[in-house]
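> how would this look folded up:
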Amino acid sequence: MKMKIVKFLFVSLLFCLPAMAQVKPCEELKSEIDVKLREKGVQNYTLEIVPAGEVGDKTVVGSCNAGKDKIVYTRGAAKTP
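Numbering: from 1, shown residues only. All right, here's what the predicted structure looks like:
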């Protein structure tokens, strides 16, 4: 009985791995963050996709491209489409 449970868990894990390994495109994630900010009433901001090494002092609000790129938020700047 224990062996059946172990086999079941192993097979279940194999089916879950591809879903966990999916990487969300940067533009899609940026759009989702933009929608959430607008829903909260946030105005006058900019979201940019920048390489992880070029974040500087900007606020990181998302990560994409397997961590190689970051989505940064800048308050007070005019929002670009």
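> strands along the protein, start to end?
45-51, 59-64, 69-75 (DSSP state E).
> partners of the first one in the sheet?
If I follow you right, that is strand 45-51. strand 69-75 (antiparallel) (DSSP bridges).
> before we move on, what about the second one?
The sheet places strand 59-64 alongside strand 69-75 (antiparallel), with pairing taken from DSSP bridges.
> I'd like the distance between residue 34 and residue 67.
Plainly put, residue 34 is 21 Å away from residue 67 if you go by CB to CB, to the nearest Å. Glycine gets a C-beta too; all of them are placed from N, C-alpha and C.
> I meant to write residue 52 there.
Distance from residue 52 to residue 67, by CB to CB: 6 Å.
> show me which of the two is the more surrounded one.
A count of neighbours by other CB atoms under 10 Å puts residue 52 above the other of residue 52 and residue 67, at 13 against 9.
> pLDDT at that one, what is it?
pLDDT, the model's per-residue confidence, is 92 for residue 52.
> how many neighbouring residues does the residue nearest to it when sequence neighbours are not counted have?
The shortest distance from residue 52 to any non-neighbouring residue, by CB to CB, 6 or more residues apart in numbering, is to residue 70 (5.3 Å). Residues near residue 70, counting by other CB under 10 Å, number 22.
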